[in-house]
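Colleague: A structural model of the following input is requested.
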Amino acid sequence: MQRSKIETFLGFALRAGKLTLGVHAAGTLRRAELLVADESVAPNNRKEIEKLQKKFGCELIFVQNLEGMTNKAQCKLAAVRDKNLAEAIKKAHGECAPKTE
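Modeller: Here you go, the predicted structure:
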């Protein structure tokens, strides 16, 4: 099975120690370059994630199966702390987003 680019970049960030997993863990951070949330996040957690987005002043993207990408059960949020990896993930997300004409 081929991995997506987003999954690959999240793996790089995890191995580099530049990825924080979980809503509560991300809340303890001082800064983040990008927030990656699972599409199936509960409404209360979505509000918490939106608060974190305002706190960090960063972009928020939604993906399918974040739990599978990070190999962590019940993972609904990943905070990327590296600017270059965040830019690569945003670019990869833009490439896989459906085009509207």
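
Colleague: make it CA atoms for all contacts and neighbour counts henceforth
Modeller: OK.

Colleague: check contacts around the most centrally placed residue in the chain.
Modeller: Geometric centre of the chain, nearest residue: residue 36, 1.7 Å, by C-alpha atoms, centre = their mean. Residue 36 makes contact with 60-63, 77-80, according to C-alpha atoms under 8 Å, 6 or more residues apart in numbering.

Colleague: quick one, strands of this structure?
Modeller: Along the chain, counting by DSSP state E, strands occupy 19-21, 34-38, 59-63, 77-80.

Colleague: ok, residues contacting stretch 11-30?
Modeller: Contacts of stretch 11-30 (C-alpha under 8 Å, 6+ apart): 10, 45, 48-49, 52, 56, 69-70, 75-82, 85.

Colleague: ChimeraX command for the buried members of those residues?
Modeller: Buried residues within those, by 16 or more other C-alpha atoms under 10 Å, are selected in ChimeraX with:
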select :10,49,52,56,69,70,75,76,77,78,79,80,81,82,85
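
Colleague: out of the contacts of stretch 11-30, which sit inside helices?
Modeller: 10, 45, 48-49, 52, 56, 69-70, 85 (DSSP state H).

Colleague: pLDDT below threshold where in this protein?
Modeller: For the chain, the stretches flagged by pLDDT under 70 are 1-3, 96-101.

Colleague: please repeat the previous calculation with a cut-off of 50.
Modeller: Along the chain, the model assigns pLDDT under 50 to residues 1-2, 99, 101.

Colleague: how far does stretch 34-42 stretch from one end to the other?
Modeller: Taking C-alpha to C-alpha, to the nearest Å, stretch 34-42 runs 20 Å from one end to the other.

Colleague: name the residues of that stretch that are buried.
Modeller: Using 16+ other C-alpha under 10 Å as the test for burial, stretch 34-42 gives 34-38, 41.

Colleague: among the residues you listed, which one lies nearest to residue 5?
Modeller: Distance to residue 5, by C-alpha to C-alpha, is smallest for residue 36 among those, at 13.6 Å.

Colleague: from residue 53, how far off is the closest one?
Modeller: 10 Å.

Colleague: find residues that contact each of those two.
Modeller: By C-alpha under 8 Å, 6+ apart, the residues touching both residue 36 and residue 53 are residue 60.

Colleague: picking up where we left off before, tabulate the strands of the chain (CSV), appending distance to residue 27.
Modeller: Output for the strands of the chain, formatted as CSV (distance: least, C-alpha to C-alpha, whole Å):
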stretch, distance to residue 27
strand 19-21, 10
strand 34-38, 11
strand 59-63, 14
strand 77-80, 10
